[in-house]
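In: Sequence and computational prediction follow.
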Amino acid sequence: MGKELTTANGQPVDNDQASQTTGPQGYTLLQDVQLIEKLAHFDRERIPERVVHAKGAGAHGVFEVIKPMTEYTCAEFLSGAGKKTDIFIRFSTVGGERGSADSERDPRGFAVKFYTGEGNYDLVGNNTPIFFIRDAIKFPDFIHTQKRNPKTNLKDPDAMWDFWSLTPESLHQVAILFSDRGTPASYRNMHGFGSHTYMWYNEKKEYVWVKYHWVCDQPIKNLTGPEAEALRGTDPDHATRDLYEALDRGEFPSWTLKVQIMTPQQAEGFKFNPFDVTKVWYHKDFPLLTVGKMTLNRNPENYFAEVEQAAFAPSNVVPGIAWSPDKLLQGRLFAYTDTQRHRLGTNFTQIPINAPKAPANHYQRDGAMTVNGNGGAGPVYYPNTVDGPAPAGDRAAPPRIDLSGVLARHEQEVTGLDFEQPGLLYGRVLDDSARSRLCDNLCASLGGARQPLQYRQCALFALADNSWGKEMAARLKLDFDRVLELSKMSPADRAAATRG
């Protein structure tokens, strides 16, 4: 005999195909608790979708250390060659809704949760090493430009390019976004990055700054603009399908974790702010060091329970790892956990996919959906003399750093360094055909924006590489002399000259 259908309370259900009524054509009864339960639960099935990274796919796997990092960090899960840690990963698109296409031109989220012996560690990044902005106060405005126009409810190229052209620090990421890398062929065929700068510290409290690189062990594959456009109509879930079916076939993708290390002394005299997430550290200055390998080997059993309810936050670190003064990262430390409390409830860490495998001992009690015993009869306050959990002390403390400064709103001035790396990307990294596709993709989007915004943005292209600005001006039928004139202005004057 198969499983017997019951209500959520365990009561056997006699029939699930017909409501209780006063006759074949009669009135439905309120006492039909099976009908009421199904409808009431159905009305509440949807939780708020993520504001960003709304659509994603996930998988379970394992991380194995290749080279212990004890010289740099006392993080227990990085302490020995061959040491394995269970992980869960969520890939995603950033700007679209849950029903958007996997092939949209968009950065891809690359979030990894390590279930370590000292608590969960979340490395929450993207498939690009940089980002559009470097201060968290700009983030709501930036995301608003990627969402729908409040009047038309349509995507708004004017909003996107108005913001980007007024935010020159975005140019490096814009260049990557509109290159082939902006439309990966699958989640299995792209690199991942921690993007931000983090701190590693060892048992002696000696610290270094670190950047994470997930180097894809599969061939890198990207879609052209037309290929991505076609997939939006024929298979909008292609990347989700590809990951699930690959694991189902036993084809387990892997990534090698590598890091760049910068000493505090190197950071102090560096030519640009090393904590600026709009810039990369050059590999010739800070070569990649191999740490370990991540292999995905198991699909989720239930998408909602594991992928949709998975909650990541860069604030989730373990002893041996801390944060840098990256302004965008500092804002994310608050925003990510705050949005999960809104989306999933204050006890979201009790959901199995988010629950640490290490013991969790704290004085947080009550709240909706408390399912962990709520601390039993233990104390609900600290300090206490009844054997409640006590702080770990210096073992869990990051190094002390002497600070001095001026409390103010410090804006980072736009300089030539903000155009150096996008210029190198266009002029040296991309070949002729890749440059042509980049300009094709830019025209497809920027061509739909107002002409003053086209002029302003092309001035930024010209500041990065004169030939880039010239090519885009020609394609958009703009006066290149006017573009050059705008490129010589200050950001404020350029904005004033391109209003309307």
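Out: It's in. Numbering: from 1, shown residues only.

In: List the buried residues in the helix or strand bottoming out on mean pLDDT in the chain.
Out: The weakest-scoring helix or strand in the chain, judged by mean pLDDT, DSSP states H and E, is helix 33-43 (a mean of 91). Using 16 or more other Cβ atoms under 10 Å as the test for burial, helix 33-43 gives Q34, L35, K38. All C-beta spots, glycine's among them, are computed from the backbone N, C-alpha and C.

In: the helices in the stretch 401-500 of the chain, which residues?
Out: Under the criterion DSSP state H, counting those that start in this stretch, the stretch 401-500 of the chain contains helices at 417-424, 432-446, 451-464, 466-475, 480-487, 491-497.

In: Can you name every helix or strand that the second one contacts?
Out: This means helix 432-446. Under the contact definition 3 or more Cβ pairs under 8 Å, 6 or more residues apart in numbering; DSSP states H and E, helix 432-446 sits against helix 157-165, helix 225-234, helix 451-464, helix 466-475.

In: relative orientation of that helix and helix 225-234 in degrees?
Out: 50 degrees (axes from the mean of the first three to the mean of the last three Cα atoms, to 10 degrees).

In: quick one: contacts of helix 432-446?
Out: With contacts defined as Cβ atoms under 8 Å, 6 or more residues apart in numbering, helix 432-446 is touched by 105, 157, 160-161, 175, 178-180, 182, 224-225, 426, 430, 453-454, 457, 468, 471-472, 475-476.

In: Give the PyMOL command for selecting the buried subset of the residues you listed.
Out: Selecting only the buried entries of these in PyMOL, with 16+ other Cβ under 10 Å as the criterion:
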select buried, resi 105+157+160+161+175+178+179+180+182+225+426+430+453+454+457+468+471+472+476
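
In: what sits against K147?
Out: Here K147 is in contact with G95 (Cβ under 8 Å, 6+ apart).

In: ok, so what distance separates it from G125?
Out: K147 sits at a distance of 22 Å from G125 (criterion: Cβ to Cβ, to the nearest Å).

In: just S165 next, same as before
Out: Using Cβ to Cβ, we find S165 at a distance of 26 Å from G125.

In: mean confidence for stretch 54-63?
Out: Mean per-residue pLDDT for stretch 54-63: 98.

In: now swap in stretch 350-362 and tell me
Out: In this model, stretch 350-362 has a mean pLDDT of 94.

In: do the same with stretch 260-267
Out: Averaged over stretch 260-267, pLDDT sits at 97.

In: measure stretch 408-419 end to end?
Out: In stretch 408-419, first residue to last residue: 26 Å (Cα to Cα, to the nearest Å).

In: how about the helices of the stretch 201-350 of the chain, start to end?
Out: Going by DSSP H, counting those that start in this stretch, the stretch 201-350 of the chain shows helices at 225-234, 238-248, 264-268, 303, 327-344.

In: Go through those and name the closest to Y201.
Out: Closest approach to Y201 among the helices of the stretch 201-350 of the chain (Cβ to Cβ): helix 264-268, 10.8 Å.

In: Show me what secondary structure element comes after the least confident helix or strand of the chain.
Out: Helices and strands here follow DSSP states H and E; after helix 33-43, the next one along the chain is strand 56-65.

In: So which bits of the helix or strand that that next one is followed by are buried?
Out: Counting by DSSP H and E, the next helix or strand C-terminal to strand 56-65 is strand 84-93. For strand 84-93, the neighbour count (16+ other Cβ under 10 Å) marks T85, I87, F88, I89, R90, F91, S92, T93 as buried.

In: What separation is there between the second one and D394?
Out: For I87, the distance to D394 equals 29 Å [Cβ to Cβ].

In: What of Q421?
Out: Applying Cβ to Cβ to Q421 and D394 gives a distance of 39 Å.

In: Looking at the two, which one has more neighbours?
Out: Legend: neighbour count by other Cβ atoms under 10 Å for Q421 and D394, higher for Q421 (20 against 7).

In: Thought V280 was touching that one, still the case?
Out: Yes. Using Cβ atoms under 8 Å, Q421 is in contact with V280, at 6.4 Å.

In: Assign a three-state SS to P352, would you?
Out: Three-state call for P352 (DSSP: H, G, I helix; E, B strand; the rest coil): coil.

In: Run a quick neighbour tally on the nearest residue to it once chain neighbours are set aside.
Out: Leaving aside its sequence neighbours, P352 sits nearest to A305 (Cβ to Cβ, 6 or more residues apart in numbering; 7.3 Å). Around A305 there are 13 other residues, counting by other Cβ under 10 Å.

In: residue contacts, A305?
Out: Listed by Cβ under 8 Å, 6+ apart, the contact set of A305 reads I351, P352, I353.

In: For the first one, grab phi and psi.
Out: So the one you mean is I351. The phi/psi pair for I351 (degrees, to the nearest 10) reads phi -60, psi 130.

In: was I right about it contacting E308?
Out: No. The criterion here is Cβ under 8 Å, and I351 misses it with E308 at 10.4 Å.

In: More neighbours: those two, which one.
Out: E308 (22 against 18).

In: my guess is the more buried one contacts I47, does it?
Out: Yes. Shown here, E308 and I47 form a contact pair, counting by Cβ under 8 Å, at 7.5 Å.

In: P264: neighbour count?
Out: Residues lying near P264 (other Cβ under 10 Å) number 13.

In: Would you mind measuring from it to V318?
Out: 21 Å.

In: Repeat that for A444.
Out: For A444, the distance to V318 - Cβ to Cβ - is 44 Å.

In: the more surrounded of those two?
Out: Comparing A444 with V318 by other Cβ under 10 Å, the one with more neighbours is V318, at 23 against 15.

In: looking at it, that one is touching T73, isn't it?
Out: No. When contacts are counted by Cβ under 8 Å, V318 is not listed as touching T73 (9.4 Å).

In: Same question for the one residue sitting closest to the centre of the chain, what's its three-state structure.
Out: The chain has G109 as the residue nearest its centroid, 4.0 Å off, counting by Cα atoms, centre = their mean. Of the three states, G109 takes strand under three-state DSSP.

In: What residue, apart from its backbone neighbours, is nearest it spatially?
Out: Using Cβ to Cβ, 6+ apart, the closest residue to G109 is S92 (3.7 Å).

In: just G447 next, same as before
Out: Per Cβ to Cβ, 6+ apart, closest to G447 is L476, 6.3 Å.

In: what sits against that neighbour?
Out: L476 makes contacts with C443, L446, G447, Q454, C458, as judged by Cβ under 8 Å, 6+ apart.
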